[in-house]
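Peer 1: Dropping the sequence and predicted coords here.
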Amino acid sequence: MEISRRWITAGAGLGVGLAAALAWRGARRAHRDELATVAHVDLERYAGRWFEIARYPTPFQKRCAKNTTAEYALRGDGRLRVENRCTDARGRSIVARASARVVDRTSNAKLAVRFAPLVPEGDYWIVELDREYRYALVGEPKRRFVWMLARTPHLDDATYRELCERLAAHGYDPARLVRTPQD
C-alpha cells in the first residue's frame with residue numbers, strides 16, 4: 001500500500017511538473033511568435049525606392065540574381081503601389097507589381113501586399129526603421145521571410161552587423177540571410 005501511494009504522489013508530481021513545463025513552453029512560444037513593429041511609419045517618407053541589401057531565400061525571388069529594388073508610391077485610395085524589380089542571371093529585368101493596404105492604421109507598420117487578384121495577401125510588417133528612413137527591416141509574423149532594405153545600394157559593415165543584431169532580437173536567424181549583389 002505504501003508503494004502505491006508513493007507512485008501516485010510521484011505520478012501526480014510528474015503530471016503537475018509536465019503541465020507547468022508545457023504551459024511555460026506555450027508561453028515562450030507565444031512570446032516568440034509576437035513580432036513587434038515600429039511605433040509609426042510616415043508612408044509619404046517611406047514611399048520611394050528601396051534597395052534590397054539582404055533577404056531570407058524565397059521561392060518567389062529564386063530567379064533574382066542581383067539589383068533587387070522595391071518602389072512604393074501612395075495611391076489616391078490610401079493604398080500603396082508596389083513595384084519590385086531585379087535582374088536575373090542572364091541580365092534580364094524581372095518586374096512584379098502589387099498593391100499594399102495598411103492593416104494597422106495606428107502605426108502604418110503592418111501592411112498586406114497582393115500581387116494578383118486570386119493570390120492571397122502577404123504580410124509586410126516594418127519591424128525596424130531608421131529615423132531618417134535610410135534603412136528598414138521588413139518581415140512577417142511567422143518569420144519565414146525577411147528583407148533588409150536601404151535607400152542606397154550598399155550599407156557599411158557596421159550598419160549591416162547592427163541590423164543583423166536587431167533581426168536576431170526579433171527572432172530571426174541572421175545566418176540565413178543572403179546578401180543581394182547591387183551594381
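Peer 2: Sure thing, it's come through.
Peer 1: where do the helices sit along this structure?
Peer 2: Taking DSSP state H as the criterion, the chain contains helices spanning 2-33, 43-46, 157-169.
Peer 1: Could you list the buried residues of the shortest one?
Peer 2: Spelled out, it's helix 43-46. Neighbour counts over helix 43-46 (16 or more other CB atoms under 10 Å) mark Tyr46 as buried. Glycine gets a C-beta too; all of them are placed from N, C-alpha and C.
Peer 1: Run through the neighbouring helices and strands of that helix.
Peer 2: Applying 3 or more CB pairs under 8 Å, 6 or more residues apart in numbering; DSSP states H and E, we find helix 43-46 packed against strand 66-74.
Peer 1: which residues are contacting the strand it packs on?
Peer 2: For strand 66-74, contacts defined as CB atoms under 8 Å, 6 or more residues apart in numbering pick out 43-44, 46-52, 55, 61, 80-87, 100, 147, 149, 180-183.
Peer 1: Mark out where each domain of the chain begins and ends.
Peer 2: Listed domain ranges for the chain are 1-34, 43-179 (source: automatic domain parsing).
Peer 1: so which of those is the most packed in?
Peer 2: domain 43-179 (a mean of 16; mean count of other CB atoms under 10 Å).
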